[in-house]
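Asker: have a look at this fold, sequence not included:
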């Protein structure tokens, strides 16, 4: 679970997950495009690729090939493990 | 100076010609036998005297690693302008064309990326009215 928290501790990586949650199955090129045009994240393609590798190591992103292109998917299972460890009580905060 | 001709590498010139004319709707400008290959160019029907796209044989050994690396990351090799990306997307998927990027709003324009079946990814763009 350590790698999950480390992976989430970065604004760019959280934005990547936001964009994959909005549209699952994106190429590196598409992710770079939406990060730049929607969020002003002008990181290099190599930097975004490294962020994706961290997310993949943590199990938060999986990849598959569509034709000759690698597409990235958001895998929420590691997040479910967090809520199983600290379940929400359902009570509203005061 | 004007852009007169640009080229993309295609796996099979005849298959590429069929796709670029029959599916995409470009028209043949030159189709001249040249040894084992062809000098094969297409133009937009909207601009028959405009820039030509050369459908060039992909036999050179540098072509495969170059195109494989770009295709892996989803990077397109050319961009074609259309009036309405969403309408073209619907038209092309009905013809069996595979998109690696669905129509996406990038602010001043809508873009999408498809596989040209000849080894290349192509971006479509429609600019929003000012």
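Answerer: Structure's in. What do you need? Predicted, not measured: the structure shown is a model, and the values here were computed from it.
Asker: now do the SS call for residue B:29.
Answerer: With DSSP: H, G, I helix; E, B strand; the rest coil as the basis, the three-state label of residue B:29 is strand.
Asker: and the residue of chain B closest to chain A?
Answerer: Nearest residue of chain B to chain A (CB to the nearest CB) works out as residue B:74 at 2.5 Å. Heads up, the C-betas are built off the backbone N, CA and C, glycines and all.
Asker: list phi and psi for that residue.
Answerer: phi 80, psi 20 (degrees, to the nearest 10).
Asker: what's the burial count for it?
Answerer: Applying other CB atoms under 10 Å in any protein chain shown, we find 24 residues neighbouring residue B:74.
Asker: so what's it up against?
Answerer: A:26-30, A:69-71, B:100-101, B:113, B:121 (CB atoms under 8 Å, 6 or more residues apart in numbering or on different chains).
Asker: can you give me the helices for chain A?
Answerer: Here chain A has its helices, by DSSP state H, at A:2-8, A:11-22, A:28-39, A:45-57, A:77-85.
Asker: what's the most buried one of those?
Answerer: helix A:28-39 (a mean of 20; mean count of other CB atoms under 10 Å in any protein chain shown).
Asker: so that one, near chain B or not?
Answerer: Yes: using CB under 8 Å from any CB of the partner chain, helix A:28-39 reaches chain B at A:28-30, A:33-34, A:37-38.
Asker: go on, stretch A:56-75?
Answerer: Yes: contact of stretch A:56-75 with chain B (CB under 8 Å from any CB) involves A:66-71.
Asker: what would these look like in TSV with neighbour count and pLDDT?
Answerer: TSV is the format used below for these (neighbours: other CB atoms under 10 Å in any protein chain shown; pLDDT from 0 to 100):
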residue	neighbour count	pLDDT
A:66	14	87
A:67	12	86
A:68	16	90
A:69	24	94
A:70	18	96
A:71	21	96
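Asker: which members of those residues are the farthest-apart pair?
Answerer: By the measure CB to CB, A:68 and A:71 form the most distant pair in those, at 11.0 Å.
Asker: low-confidence ranges in chain A?
Answerer: A:1, A:90-94 (pLDDT under 70).
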